[in-house]
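**Student:** Let's see this in three dimensions:
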Amino acid sequence: MIRKSMLSIWLLPILITLAGVSWADVSGTVLTREGRPAVGVTVSWVDVNHRPVDRRDSVVTDAKGQFSFPAADLLFRQSEKPVLLAEQPEIGPAGAYVRYPNQRITIIIAQPLVELQITLRDTGGRPVTGLPVQLTGMMIDIERSYQAIPLPAELPILRTDDNGSVMLPDIPMGAIIEMTDVDKKFTAIRVSNIPHFPPARTRYAATPITLYPAGTISGRVYYADTQQPAVGIGVSVQGRIGRTLTDKEGRYAITQLPPGKYDVILDIDEERAKQWSAPAHDSVPVSANENVENIDFPLKHGALISGRVTTADTGKPVVGILVLTINPADRYRTWRQVVRTDAEGRYTLSAPAGELQLLIGGLPPEFIRPANAVSSLIVKDGENRTIDYTLPRSSIQPIHGQVVGPDGKPVPAAEVYIMPNQDGAWPVCITADDKGKFTFDPLPVTLLARSGEMATLEATPLTAGGDVILRLSDHAIAGVSGLVVDREGKPLTGILVNSSILSGNKGGIGPEVYTDADGRYTLTGLWPNQHYRAMAAIPENYAEWLSSGEDSVDFTLQPGEMRELKNLVRDRNYYIAK
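**Tutor:** Purely as a prediction, here's the structure:
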């Protein structure tokens, strides 16, 4: 489970386009970790919401490491969730979100490439030999949010050797890898425990992966009034990455699912979401080797929700505002329908009958959220509901800052961690430019910064715009390590251990890693004097789980401290496919 796929994470990097604002000057600089210009790097405009992920346009950095996209306005109109991806041979890719008009973006390329060894075992612990497998997906950490990146057009089919292993060359450190066996007999193969930091060697052996017999959910999406197939509708299961599209008969199949219960939802394109919707299928049970059929979605007009978004001071329309619905009972808080306001600030969307929450997101930085930004509704089929939004203009100026070292000199390419102190927003990490400077929206926030082993010793709260200096101290970065065990004290392999900052009003997500073959984990890159929680998360191949009451631990670290935590205990009182 990738926590960074939550609704609030998705809202944060959304583009906003304003009437009369040109996107023609989306530009920036690519730097090395040392802050030097990276020359000859390919920078691509990528829509990470499009499947398959592809490059919409590409440019190359000049002698100063700079780049520019002159056709950014057109690229924006073609993209739902744009990212700039920097790629250079022998160095791992890096990216940054495109957020605002005339944004200047700094991208740091630093992660080396390694040869990754993946070993597959059956449920008895024996090597799975001679199995044809193929790389199907790769995600990298972009500003503390994992996003899929484009793969080569042709990918080789590999076979496991006598040890059940395959070797994948040129894999970025810190990436998440997805593979599949060609015959799709087993659950999808995911490697998520590749460390972020360079190892002492160029080859890395991932924790061995146990293959389980896979299940499938299939069905049909069609228009209820005509019974005609709905072609090209996205279907996905919540809590897992990826989706499938309906074919010319409206049929879909989601394969390689571990045994468990899944919420199956539609991802309807914006144009059809204005008129059509269907409720999700919640908690669909799937067993090993089972094809759960007839999970169908009849599209109906449902309830029609419409309205207009305008400015409070002038009454002018605001273009490109996101309006979306979610199911309040949804444990993943993932959107169900989403549209944007048009040139007149108007929106229309369909919603299935029942309880829902209507939200707006991606507000331009000069506005603050209206009182009705989140509305709880109960709607009926055939009902028309009008909900308008009036955006108050913020009186707070943007925040301009600079990161400096212990000597007071600027620290280029430092990471600045922003924790918004309000509901509906989520932490984000941005990168300072080659002079250590950064700018972001005028929100009440708490700031932290780091670079290498240097870090701020305390968080800096801000309630108004203006200038701020973040001073780093030497040898301040801290870390923890520990062991995940069951009730009998036996080590558990492949358990995700994540960390969260609990300090302040909002808190935020920290690093995460999987336990190794001995059940051990190490979390590095932690700030000192911040209240953290480390937790052993739910294994992905476990259908049901129970909290042991000992699966998390809270801690606060001193500058430079590396601490061994008490054992994290996970119950085995859940069903595992065998």
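**Student:** Make sure Gly519 is actually in contact with Thr493.
**Tutor:** Yes. Gly519 lies in contact with Thr493 (CB atoms under 8 Å); the separation is 6.1 Å. Placement of C-beta: from N, CA and C, glycine included.
**Student:** who has more neighbours, the two?
**Tutor:** Gly519 (22 against 18; other CB atoms under 10 Å).
**Student:** Contacts only, for the closest residue to the more buried one other than its chain neighbours.
**Tutor:** Spatially, and ignoring its direct neighbours in sequence, Gly519 is nearest to Pro491 (2.6 Å; CB to CB, 6 or more residues apart in numbering). If you count contacts by CB atoms under 8 Å, 6 or more residues apart in numbering, Pro491 has them with Leu483, Val484, Val485, Thr515, Asp518, Gly519, Arg520.
**Student:** Let's see that with 7 Å instead.
**Tutor:** Pro491 makes contact with Leu483, Val485, Asp518, Gly519, according to CB atoms under 7 Å, 6 or more residues apart in numbering.
**Student:** how close does the second one sit to Asp551?
**Tutor:** Spatial separation of Val485 from Asp551 under the definition CB to CB, to the nearest Å is 11 Å.
**Student:** Are there residues contacting both of these two? Which ones?
**Tutor:** What both Val485 and Asp551 touch, as defined by CB under 7 Å, 6+ apart, is the set Val569.
**Student:** re the thing from before, of the contacts of Pro491, which belong to helices?
**Tutor:** Counting by DSSP state H, no part of the contacts of Pro491 is found in helices.
**Student:** is it true that Gln402 touches Thr439?
**Tutor:** No. Assessed by CB atoms under 7 Å, Gln402 is found out of contact with Thr439, at 10.2 Å.
**Student:** So if I had to pick from these two, which one is more boxed in?
**Tutor:** Taking neighbours as other CB under 10 Å, Gln402 and Thr439 compare with Gln402 leading, 20 against 16.
**Student:** Give the other helices and strands that the host helix or strand of the more buried one contacts.
**Tutor:** Here Gln402 is covered by strand 399-404, with elements defined by DSSP states H and E. Other elements packing on strand 399-404 under the criterion 3 or more CB pairs under 7 Å, 6 or more residues apart in numbering; DSSP states H and E are strand 437-440, strand 466-471.
**Student:** mean confidence score for that strand?
**Tutor:** Strand 399-404 shows a mean pLDDT of 91.
**Student:** Next SSE downstream of that strand?
**Tutor:** Immediately after strand 399-404, counting by DSSP H and E, sits strand 415-420.
**Student:** Which stretches in the stretch 51-200 of the chain count as helices?
**Tutor:** 72-77 (DSSP state H, counting those that start in this stretch).
**Student:** Which residue ranges of the stretch 451-578 of the chain form helices?
**Tutor:** According to DSSP H, counting those that start in this stretch, the stretch 451-578 of the chain contains no helices.
**Student:** Show me the strands in it, by range?
**Tutor:** Using DSSP state E, counting those that start in this stretch, the strands found in the stretch 451-578 of the chain span residues 454-455, 460-462, 466-471, 478-485, 496-501, 508-514, 520-526, 531-536, 552-556, 562-564, 568-569.
**Student:** so of the ones you listed, which one's packed in deepest?
**Tutor:** strand 454-455 (a mean of 24; mean count of other CB atoms under 10 Å).
**Student:** Let's test this: mean pLDDT of whichever strand or helix holds Tyr222, rounded?
**Tutor:** For Tyr222, the host element (DSSP H and E) is strand 215-223. Mean pLDDT, strand 215-223: 94.
**Student:** Residues touching the longest strand seen in the chain, excluding its own?
**Tutor:** In terms of residue count, the longest strand belonging to the chain (DSSP state E) is strand 132-142. Residues from elsewhere that reach strand 132-142 (CB under 7 Å, 6+ apart): 83, 93, 95-97, 146-149, 151, 155, 157-160, 166, 168, 172, 174-182, 189, 242.
**Student:** ok, now stretch 430-438?
**Tutor:** Against stretch 430-438 from outside (CB under 7 Å, 6+ apart): 29, 31, 35, 106, 108, 143, 401-404, 410-416, 418, 440.
**Student:** What is the burial count for Thr348?
**Tutor:** 15.
**Student:** Looks like it contacts Ser306 (just checking).
**Tutor:** Yes. Under the criterion of CB under 7 Å, Thr348 makes contact with Ser306 at 4.3 Å.
**Student:** low pLDDT regions in the stretch 101-250 of the chain?
**Tutor:** 101-102, 144, 193, 195-201, 239-242 (pLDDT under 70).
**Student:** mind redoing it with 80?
**Tutor:** 101-104, 110-112, 143-146, 153, 192-202, 238-243 (pLDDT under 80).
**Student:** Strands along that one, start to end?
**Tutor:** 104-109, 113-121, 132-142, 145-148, 158-159, 165-172, 176-181, 189-191, 203-205, 209-210, 215-223, 234-237, 244-245.
**Student:** Turn those into TSV, columns for distance to Leu557 and mean neighbour count.
**Tutor:** Below are the strands of the stretch 101-250 of the chain laid out as TSV (distance: least, CB to CB, whole Å; neighbours: other CB atoms under 10 Å):
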stretch	distance to Leu557	mean neighbour count
strand 104-109	25	21
strand 113-121	28	19
strand 132-142	22	19
strand 145-148	24	22
strand 158-159	41	14
strand 165-172	28	17
strand 176-181	26	20
strand 189-191	28	20
strand 203-205	27	14
strand 209-210	32	20
strand 215-223	42	21
strand 234-237	37	20
strand 244-245	43	16
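**Student:** want to throw those strands into CSV with distance to Thr390?
**Tutor:** CSV is the format used below for the strands of the stretch 101-250 of the chain (distance: least, CB to CB, whole Å):
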stretch, distance to Thr390
strand 104-109, 31
strand 113-121, 50
strand 132-142, 33
strand 145-148, 30
strand 158-159, 57
strand 165-172, 45
strand 176-181, 41
strand 189-191, 45
strand 203-205, 53
strand 209-210, 52
strand 215-223, 35
strand 234-237, 33
strand 244-245, 38
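**Student:** To Pro259, which of the ones you listed lies closest?
**Tutor:** Of all the strands of the stretch 101-250 of the chain, it is strand 215-223 that lies closest to Pro259, at 6.1 Å by CB to CB.
**Student:** Can you give me the neighbour number for the nearest residue to Asp225 once chain neighbours are set aside?
**Tutor:** Nearest non-adjacent residue to Asp225, counting by CB to CB, 6+ apart: Lys300, 7.7 Å away. Per other CB under 10 Å, the neighbour tally for Lys300 reads 19.
**Student:** Mind splitting this protein into its structural domains?
**Tutor:** 3-109, 113-210, 215-299, 303-391, 399-471, 478-569 (automatic domain parsing).
**Student:** what's the straight distance from one end of the fifth one to the other?
**Tutor:** Here the two ends of domain 399-471 are set 16 Å apart, with distance taken as CA to CA, to the nearest Å.
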